[in-house]
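# what follows is a predicted protein model with its sequence.
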Amino acid sequence: MNIYEKIFARLEELHMSQIELSRRTGIATSTISDWRKKKINPQADKLVSICKALDMSLAELLCDEEVVERTIEPDFMVDGQNIIELLRTFDFETKRRILRYFELIEICREINRENSSQKIKRNVSVIQDIDGNNIVMINDIRFRGKRSVDWKDVREYLKEYVGEFYTIAATGDVISIGSDLPKEYSGSKYTNSIKGTNAKAKANAATGIPEMIEIAVGKHFRENHEDKHKRDAKNGWYRYDSRFALPVYDDKGELERYNVFHASMLIRHSNDGKLYLYDVIDIKKKRATLSANKRLPDKNPFPLGKYNTTGNDRCQSEYSKIFLHTEGLEMVILLRR
């Protein structure tokens, strides 16, 4: 079995989407799709992050099953001499691969050390409802203002994204984060016009921006007619639809439900030919109810796409279900159509 075949087999085993693999590894979703379409293996320097995301060892990914079985014998990890002896039993191609990846492990460690201090710590995942709609689950509330949002904190947080770029899975469009996003996102006319739940939703949606871009759908174009944007939006504007969900806690601090929101991602097409996220607007809460029963989750996560709506006729006709395992909870979210 080729390396790319093992990757997709593991994705199916974990019920993990390509979008989620992209989020965990930083590899563009279009690149991941190309592995299967073009029957090519990932670049060598990507394999360490792929193994980490898929909870596999390099040996499992690179070697045949009989080789993997030999590598898990206790003597393998005793000392360097045993590793050398084991390598001698491999065929030439396996030796070449493993020696190359020994080198790459240290390279990747160095890269990770350099980037670790710059990475934003986030607790975000992507799930899919029964209708196939992707939803970004933002599992932590970062901005908790009781009366109003401190948009200065949001602006400072968003500066961490500047210079990054993300690919929309549905279209392949690459969306960059420019230096104008923090100020516009936190101080636009739209932001100043919203209050209460929608304001807090927009503030906390900032932590899910990469995934909200990646799952965006419904591309719409309009020309630019504003003089102040004649350069930074010379080639017009695009809107994409996206969805995200935020947790709601009771007075005891325990998870009560998730509120699901729809949002429009406003993209400017600059004179440099690139697409930039300009703002997130038109945030609307979707009607949703959630039941949560505490229990230990199964060993494998729920295969979200394999469950059908059950219950009475009203439930089947008016609602879609989301099944979710998180933080020791089994939850069912009913979304009104």
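Yes, it's here. In this text the structure is predicted, and so the values were computed from the model without any measurement.

# A helix includes A203, no?
Yes - assessed with DSSP: H, G, I helix; E, B strand; the rest coil, A203 lies in a helix.

# quick one: residues contacting the closest residue to it other than its chain neighbours.
Take A203 and drop its neighbours on the chain: the residue closest to it by C-beta to C-beta, 6 or more residues apart in numbering is F143, 4.1 Å away. All C-beta atoms are positioned from the backbone trio N, CA, C, and that covers glycine. Contact analysis of F143 by C-beta atoms under 8 Å, 6 or more residues apart in numbering lists V149, D150, D153, V154, K200, A203, N204, A206.

# and the pLDDT for L47?
pLDDT recorded at L47 is 83.

# right, and it touches S57 too?
No - counting by C-beta atoms under 8 Å, L47 does not reach S57; the two are 10.8 Å apart.

# higher neighbour count, these two?
Set side by side, L47 and S57 show more neighbours around L47, with 24 against 13, by other C-beta atoms under 10 Å.

# now do the more buried one against D241, distance only.
35 Å (C-beta to C-beta, to the nearest Å).

# cool, T31 as well?
24 Å.

# go on, E184?
Noted for E184: a distance of 19 Å to D241, by C-beta to C-beta.

# for A233, same thing?
Distance from A233 to D241, by C-beta to C-beta: 20 Å.

# next: I7.
In terms of C-beta to C-beta, I7 sits 29 Å off from D241.

# who does the residue nearest to H229 when sequence neighbours are not counted bridge with?
Closest residue in space to H229, ignoring its immediate chain neighbours: R268 at 6.8 Å, by C-beta to C-beta, 6+ apart. Using DSSP bridges, the bridge partners assigned to R268 are W237, Y276.

# OK, contacts around R268?
Residues in contact with R268 (C-beta under 8 Å, 6+ apart) are N224, H229, D232, A233, W237, L275, Y276, Y278.

# just the residues you listed now: which is nearest T94?
Proximity of those to T94 (C-beta to C-beta) peaks at L275, which lies at 43.0 Å.

# circling back to that earlier point, ChimeraX command to pick out the buried ones of the contacts of R268?
Buried members of those, defined by 16 or more other C-beta atoms under 10 Å, are picked up in ChimeraX with:
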select :224,232,233,237,275,276,278
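
# any chance of the contacts of R268 in JSON lines with distance to L246 and pLDDT as columns?
Formatted as JSON lines, these follow (distance: C-beta to C-beta, whole Å; pLDDT from 0 to 100):
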{"residue": "N224", "distance to L246": "32", "pLDDT": "95"}
{"residue": "H229", "distance to L246": "31", "pLDDT": "94"}
{"residue": "D232", "distance to L246": "30", "pLDDT": "93"}
{"residue": "A233", "distance to L246": "30", "pLDDT": "95"}
{"residue": "W237", "distance to L246": "27", "pLDDT": "97"}
{"residue": "L275", "distance to L246": "26", "pLDDT": "96"}
{"residue": "Y276", "distance to L246": "25", "pLDDT": "97"}
{"residue": "Y278", "distance to L246": "22", "pLDDT": "97"}
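
# S179: which of the contacts of R268 is nearest?
Using C-beta to C-beta, Y276 comes nearest to S179 of the contacts of R268, at 9.6 Å.

# wait, that closest one touches L181, no?
Yes - Y276 is within contact range of L181, at 7.4 Å (criterion: C-beta under 8 Å).

# alpha carbons only: can I get stretch 226-245 in CSV?
Output of stretch 226-245 as CSV, limited to C-alpha atoms (Å, rounded to 0.1, in the frame of the first residue of the first chain):
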residue,chain,number,x,y,z
GLU,A,226,-16.0,53.0,-3.2
ASP,A,227,-13.1,55.3,-3.8
LYS,A,228,-11.4,54.5,-0.6
HIS,A,229,-11.1,50.8,-1.7
LYS,A,230,-10.0,51.6,-5.3
ARG,A,231,-6.7,49.9,-4.6
ASP,A,232,-7.2,47.3,-1.8
ALA,A,233,-10.4,46.1,-3.5
LYS,A,234,-9.7,47.1,-7.1
ASN,A,235,-10.9,43.8,-8.4
GLY,A,236,-14.1,43.7,-6.4
TRP,A,237,-15.6,42.0,-3.3
TYR,A,238,-16.6,38.4,-2.5
ARG,A,239,-18.9,37.0,0.1
TYR,A,240,-18.8,33.5,1.4
ASP,A,241,-21.2,31.8,3.9
SER,A,242,-19.8,30.1,7.0
ARG,A,243,-21.0,28.6,10.3
PHE,A,244,-19.6,28.4,13.8
ALA,A,245,-20.8,27.3,17.2
